[in-house]
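Visitor: Return atomic coordinates for the entry below.
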Amino acid sequence: MFAKYLGKEEKKQEYVISYFEKFLSKQSKLIGKDLKLSTWKKSEYVCSDLRAFIESSYREKDYPFDKLNQSFLDDFEYFLKTEKNQKQVTINKAIQRFRKPINLSSIKT
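Guide: Predicted coordinates for the structure are as follows:
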């Protein structure tokens, strides 16, 4: 509010899960054109795992983008290994699928 008074544009807080869901929604329109259904479903699984991680680790429904750091990714990787019993190859793909919307959001802002 104060920033608006000073004439500065107030940035809307962006959240990881909500942005990932918007990303998936856009990607779903590309199924059969540039994207296979199986690829889209794998990204959807990553979003689901990410939601479970945030809820169990932070007791929140979503997590703000501005708090994302390497520690968050390390903790997510640990969660996938211990709670989801995933192998390192699967985890690497999950992190790769998670980074795509993050990179797009940083380009957007």
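Visitor: Report how many residues lie close to the nearest residue to residue 84 once chain neighbours are set aside.
Guide: Closest residue in space to residue 84, ignoring its immediate chain neighbours: residue 49 at 6.1 Å, by CB to CB, 6 or more residues apart in numbering. The way it works is simple: take the backbone N, C-alpha and C, and place the C-beta from them, glycine included. For residue 49, the number of neighbouring residues by other CB atoms under 10 Å comes to 20.
Visitor: Tell me who's in contact with residue 49.
Guide: Listed by CB atoms under 8 Å, 6 or more residues apart in numbering, the contact set of residue 49 reads 79, 80, 84, 94.
Visitor: ok, the residues you listed vs residue 37, which is closest?
Guide: Of all the contacts of residue 49, residue 37 sits closest to residue 94, with 18.1 Å by CB to CB.
Visitor: quick one: low-confidence parts of the protein?
Guide: Along the chain, the parts satisfying pLDDT under 70 run over 1-11, 106-109.
Visitor: how many neighbours does the closest residue to residue 77 other than its chain neighbours have?
Guide: Nearest non-adjacent residue to residue 77, counting by CB to CB, 6+ apart: residue 91, 5.5 Å away. Residues near residue 91, counting by other CB under 10 Å, number 18.
Visitor: Ok, residue 66 next?
Guide: Neighbours of residue 66 (other CB under 10 Å): 10.
Visitor: what secondary structure does it sit in?
Guide: Look at residue 66: counting by DSSP: H, G, I helix; E, B strand; the rest coil, its state is helix.
Visitor: same thing with residue 33?
Guide: Assigned by three-state DSSP, the conformation of residue 33 is coil.
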